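Colleague: return atomic coordinates for the entry below.
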Amino acid sequence: MRMADDNTDDVVCGKDEAASVASTISWNTFLSRTNISSLDCALFSEQEISSIHGLDDVIRAVTALGLRRYRYEEIAREEKVGEGETYLVERCVVANQVLAVKHLKTNRELDDRTSHRRLRAVILELQILRHRPLRNHPNFPFAFGYGWNMNGGQVIPYLLVQYAPKGTLRQYAKSLSSPLPLRDLQILAGDVASALSALHTCGIVHGDVKLDNVLVVHSWDRPAQVLAKLTDFGHALVIDNKSSKHDGIMRYGGTYIYNAPEVHDQDTFPIDRAAMPHCDVWAFGLLVWELCLLGEDHLSYSKRKWPEVEAQMTMQRVNPADARRYAMASVPRKVEYVLIRATLHYTLQEDPTKRIAHLDALPLLTEWNISGLESELAFHLDSPSPTYEVR
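Modeller: All right, here's what the predicted structure looks like:
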């Protein structure tokens with residue numbers, strides 16, 4: 001995977017990263033569908049994490065994934081680049097490579113439930129990024145390793161992942177001085193759709209799709225000169241876990257204003273496991289809408305554009321019945337925007353059964369594939385691990 005400014009001339013990688021470099025060396029990467037009917041080999045098998053009680057358990061679980069341990073002394077920490085519920089993220093340099101170090105946020109005042117959720121998030125994120133069909137997928141960041149630091153008698157784990165010099169997709173969109181070119185809009189939306197489609201194929205729901213959870217890196221050989229990578233799996237759900245029984249009620253987490261209508265009603269009407277991906281699809285539709293708005297959140301834009309929106313709002317969110325109409329009205333009616341408009345139509349359906357079931361069937365992603373931007377999940381099931389082919 002590309003380091004620093006993501007220029008292949010600056011790549012420094014080991015054996016684990018070699019396949020990743022090959023998978024992103026050209027923007028017309030395509031992935032074979034060999035034996036795609038044998039999906040059992042692709043399904044994500046979540047390791048047992050219900051017994052995680054402390055940081056020692058996290059370290060044991062991470063070690064089992066075969067990741068390299070980086071000593072704290074090897075890391076030259078630089079500026080802070082982000083912070084979320086689970087991590088504080090900094091730019092760093094390790095052996096002349098520019099990476100991102102994600103420090104787990106923890107302190108003695110946290111209750112057991114919050115601590116457990118954060119510890120689970122660390123393990124699940126690494127399990128997903130190291131899952132064989134996903135680890136070299138160009139639309140996910142590469143995980144390099146882990147380590148821990150002692151602070152006031154506490155063990156603080158950290159992860160080392162690919163650095164995104166362009167920041168999040170929201171930051172990137174807001175940094176542009178003019179509207180995103182249609183070609184770039186379609187490419188970046190296609191990147192995210194490709195990543196989500198891969199997750200869903202593996203029986204994983206992202207659980208918090210939004211511009212803030214997509215990273216942007218340089219990719220000079222692509223038409224858009226950037227590549228989008230889906231990240232932050234703290235709310236991920238494993239809905240088709242081949243290593244466990246399919247029972248128990250699941251809750252979709254997400255972020256309030258991006259959650260599908262059924263998520264707001266899930267306490268009364270639990271969402272079936274098989275329908276969980278539909279929640280990601282709705283959030284993806286809102287992501288595409290906000291990408292058209294150059295990163296402005298759709299709620300602020302709608303209230304500013306249409307004064308009646310605030311009066312029609314449902315619990316501080318756009319009325320789900322009106323979301324598609326407002327989104328479509330935000331996109332130029334020019335014929336060349338037909339794929340973007342179709343994406344909004346197929347994803348922002350209030351009734352989840354009317355949303356597109358599989359994102360790889362979106363006309364947008366079909367066009368993205370025809371353009372030579374394919375990143376469908378590879379299933380070379382006869383080989384030790386899925387690989388990518390470059391045309």
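
Colleague: how many neighbours does the closest residue to A274 other than its chain neighbours have?
Modeller: In space, not counting the residues next to it along the chain, A274 is nearest to I239; the distance is 7.3 Å by Cβ to Cβ, 6 or more residues apart in numbering. C-beta here means a position set from N, CA and C on the backbone, and glycine is covered the same way. Here the number of neighbours of I239 (other Cβ atoms under 10 Å) works out to 20.

Colleague: how about the residue minimising distance to the centre of the chain, phi and psi?
Modeller: Averaging the C-alpha coordinates of the chain gives a centre point, and the residue nearest to it by Cα atoms, centre = their mean is L230 (2.5 Å). Note on L230: backbone dihedrals following degrees, to the nearest 10 are phi -80, psi 140.

Colleague: quick check: it vs S178, distance?
Modeller: Between L230 and S178 the distance, using Cβ to Cβ, to the nearest Å, works out to 26 Å.

Colleague: before we move on, what about K305?
Modeller: 19 Å.

Colleague: so between those two, which is more surrounded?
Modeller: The neighbour comparison of K305 against S178 (other Cβ under 10 Å) goes to K305, with 13 against 6.

Colleague: OK, contacts around F144?
Modeller: Residues in contact with F144, defined by Cβ atoms under 8 Å, 6 or more residues apart in numbering, are 16-17, 67-68, 70, 94, 99, 160-162.

Colleague: hmm, 7 Å instead?
Modeller: Residues counted as contacts of F144 (Cβ atoms under 7 Å, 6 or more residues apart in numbering) are 68, 99, 160-161.

Colleague: now the buried members of those residues.
Modeller: Buried residues within these, counting neighbours by 16 or more other Cβ atoms under 10 Å: 99, 160-161.

Colleague: now, those that are in strands?
Modeller: Counting by DSSP state E, the part of the buried ones among the contacts of F144 found in strands is 99, 160-161.

Colleague: in the protein, what helix or strand scores lowest on average pLDDT?
Modeller: Within the chain, judged by mean pLDDT, DSSP states H and E, the helix or strand with the poorest mean is strand 389-390; its value is a mean of 32.

Colleague: quick check: closest non-adjacent residue to H345.
Modeller: The nearest residue in space to H345 (Cβ to Cβ, 6+ apart) is R324, at 6.6 Å.

Colleague: report pLDDT for the one you found.
Modeller: At R324 the predicted local distance difference test score is 96.

Colleague: now swap in M315 and tell me
Modeller: Here, the pLDDT recorded for M315 equals 74.

Colleague: same deal with G152?
Modeller: Reported pLDDT at G152 in the predicted model: 74.

Colleague: and it, how far is that from T106?
Modeller: As for G152, its distance to T106 is 11 Å (criterion: Cβ to Cβ).

Colleague: neighbour count for those two, which is higher?
Modeller: Between G152 and T106, T106 has the larger neighbour count (other Cβ under 10 Å), namely 18 against 7.

Colleague: hang on, the more buried one is in a strand, isn't it?
Modeller: No - counting by DSSP: H, G, I helix; E, B strand; the rest coil, one finds T106 to be coil, located in no strand.

Colleague: doesn't V155 make contact with it?
Modeller: No - checked against Cβ atoms under 7 Å, the pair T106 and V155 is beyond contact range at 8.9 Å.

Colleague: rewinding a little: reformat the ones in strands among the buried ones among the contacts of F144 as JSON lines; add pLDDT and distance to H200.
Modeller: What follows is these, written out as JSON lines (pLDDT from 0 to 100; distance: Cβ to Cβ, whole Å):
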{"residue": "L99", "pLDDT": "97", "distance to H200": "28"}
{"residue": "L160", "pLDDT": "95", "distance to H200": "27"}
{"residue": "V161", "pLDDT": "95", "distance to H200": "22"}
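
Colleague: ok, residues contacting the longest helix along the chain?
Modeller: The single longest helix within the chain, with elements called by DSSP state H, is helix 182-201. Residues lying outside helix 182-201 but in contact with it, judged by Cβ under 7 Å, 6+ apart, are 39, 42, 134, 137, 139-140, 169, 206, 209, 214, 222-224, 227-228, 230, 277, 280, 284, 287-288, 291-292, 336-337, 339-340, 343, 358-360, 362, 364-365, 367-368, 373, 375-377.

Colleague: can you select the buried ones from these in ChimeraX?
Modeller: If you want just the buried ones from the contacts of helix 182-201 in ChimeraX, going by 16+ other Cβ under 10 Å, the selection is:
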select :39,42,134,137,139,140,169,206,209,214,222,223,224,227,228,230,277,280,284,287,288,291,292,337,339,340,343,359,360,362,364,365,368,373,375,376,377
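
Colleague: could you dump stretch 189-203 to PDB, C-alpha only?
Modeller: As requested, C-alpha coordinates have been extracted for stretch 189-203 and formatted as PDB (Å, rounded to 0.1, in the frame of the first residue of the first chain):
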ATOM      1  CA  ALA A 189     -18.700   7.200  -4.800                       C
ATOM      2  CA  GLY A 190     -17.800   4.000  -6.700                       C
ATOM      3  CA  ASP A 191     -14.800   3.400  -4.300                       C
ATOM      4  CA  VAL A 192     -17.100   3.500  -1.300                       C
ATOM      5  CA  ALA A 193     -19.700   1.300  -3.000                       C
ATOM      6  CA  SER A 194     -17.000  -1.200  -3.800                       C
ATOM      7  CA  ALA A 195     -15.800  -1.400  -0.200                       C
ATOM      8  CA  LEU A 196     -19.400  -1.700   1.200                       C
ATOM      9  CA  SER A 197     -20.200  -4.400  -1.400                       C
ATOM     10  CA  ALA A 198     -17.100  -6.300  -0.400                       C
ATOM     11  CA  LEU A 199     -18.000  -6.100   3.300                       C
ATOM     12  CA  HIS A 200     -21.600  -7.200   2.700                       C
ATOM     13  CA  THR A 201     -20.400 -10.200   0.600                       C
ATOM     14  CA  CYS A 202     -18.300 -11.200   3.600                       C
ATOM     15  CA  GLY A 203     -21.300 -11.000   5.900                       C
END
